[in-house]
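> Below is the structure, and that's it, no one-letter string:
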Ligand code: NAP
């Protein structure tokens with residue numbers, strides 16, 4: 001039987017409607033939700049992303065502003081700007097665009113963002129609260145993965161889950177949330193001796209590595225839910241015979257789809273939903289600021 005396709009774009013459209021309703025209710029009761037994107041330098045991809053974020057916020061009824069800092073800003077200057085935004089009661093969410101120029105310490109800057117305004121859920125304090133099982137704001141990609149697994153209809157409680165990749169912001173938080181949902185979780189990484197021996201046990205297989213087609217049919221148990229977080233640009237020859245690029249995941253979709261029970265495509269799977277989770281977190285951040293516990 002063909003695998004169910006976990007369509008991230010369709011899921012994102014549904015979540016977008018929910019978010020718009022939540023924003024309207026919150027705004028009526030408590031005033032506007034306002035997200036501030038902080039960009040350092042003029043990286044073209046960063047500017048493009050901030051522009052599309054601006055549009056998505058406005059569509060959802062969230063106010064959005066951009067703070068553009070010079071590439072030459074030093075660490076103290078960046079931290080002072082983050083402090084200013086933390087202290088501004090009119091700003092309910094802060095997103096610091098990565099990568100920062102190499103002379104700036106990303107972890108220190110992320111740590112400075114008020115955990116209640118950290119809409120990406122990347123502040124080490126937010127990762128810590130997640131570890132405690134009492135998250136304030138969780139990382140967007142992990143939330144998107146869990147949302148897609150839920151939409152597959154597969155029960156998390158008691159499931160064998162294998163997560164390939166253990167980065168701080170993606171792989172580990174995914175493992176953590178799956179474990180909180182009472183799945184039995186195995187985390188695989190660069191030192192895993194026999195990857196396929198582990199992944200073939202998985203009812204739920206999440207791959208977040210950044211290596212095109214790392215996972216093939218031989219890695220997948222028949223009927224498993226396969227969530228591909230990877231985003232890789234590979235060189236191809238365009239229809240006009242010129243060099244071009246194609247975006248692929250970490251999973252060989254064509255090989256795995258006939259084996260899996262459900263699978264996310266790349267593009268169009270985790271990516272679009274991650275963007276929506278950022279907006280959902282933006283609403284959640286505003287709400288949680290009303291009832292701070294630390
Ligand atoms: P990362 O920081 O480079 O981490 C990659 C992880 O994969 C590391 O934990 C590494 O293990 C592990 N790994 C590397 N080679 C491996 C192998 N051969 N077998 C098993 N594990 C291996 O990357 P990331 O930030 O987590 O991102 C992972 C991928 O997800 C990238 O393609 C990124 O573009 C994509 N991504 C997508 C979204 C989305 O919304 N769809 C969001 C964020 C990231 P060690 O720790 O042991 O070195």
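Great, that's in hand. What you see is a predicted model, and the numbers here were worked out from it, not measured in a lab.
> Count the neighbours of the residue in the stretch 1-150 of the chain that the ligand sits nearest to for me.
Nearest residue of the stretch 1-150 of the chain to the ligand: residue 141, at 4.1 Å (C-beta to the nearest ligand atom). Where you see a C-beta, it was placed from the backbone N, CA and C, and this is true even at glycine. Using other C-beta atoms under 10 Å, the number of residues around residue 141 comes to 24.
> where do the strands sit along this structure?
4-5, 34-40, 63-69, 93-96, 160-164, 184-188, 204-207, 225-228, 232-237, 243-248, 262-263 (DSSP state E).
> Now for residue 183: which residues touch it?
Counting by C-beta atoms under 8 Å, 6 or more residues apart in numbering, residue 183 touches 156, 157, 158, 159, 160, 161, 204.
> Surely residue 226 and residue 265 touch.
No. In this structure residue 226 lies outside contact range of residue 265 using C-beta atoms under 8 Å: 10.6 Å.
> okay, those two: which has more neighbours?
Comparing residue 226 with residue 265 by other C-beta under 10 Å, the one with more neighbours is residue 226, at 29 against 18.
> for the helix or strand of the chain with the lowest mean pLDDT, which positions count as buried?
Across the helices and strands of the chain, mean pLDDT, DSSP states H and E gives its lowest value to helix 44-60, namely a mean of 91. Using 16 or more other C-beta atoms under 10 Å as the burial criterion, the residues of helix 44-60 that qualify are 46, 49, 50, 53, 54, 56, 57, 60.
> do stretch 4-21 as well
Residues of stretch 4-21 classed as buried: 4, 5, 6, 7, 8, 11, 12, 15, 16, 19, 20 (neighbour count, 16+ other C-beta under 10 Å).
> Among these, which lie within helices?
Helix and strand membership here follows DSSP state H; of the buried residues of stretch 4-21, those in helices are 8, 11, 12, 15, 16, 19, 20.
> Please identify the residues of the chain in proximity to the ligand?
Applying C-beta under 6 Å from any ligand atom, one finds that the chain approaches the ligand through 141, 164-167, 170-171, 188-190, 192, 195, 208-211, 214, 229-232, 270-271, 274.
> Run a quick neighbour tally on the residue nearest to residue 22 when sequence neighbours are not counted.
Leaving out its chain neighbours, the residue that sits closest to residue 22 by C-beta to C-beta, 6 or more residues apart in numbering is residue 283, at 4.9 Å. The number of residues packed near residue 283 is 26, by other C-beta under 10 Å.
> Then residue 129?
Other residues within reach of residue 129, judged by other C-beta under 10 Å, total 19.
> Repeat that for residue 267.
When neighbours are defined as other C-beta under 10 Å, residue 267 has 15 of them.
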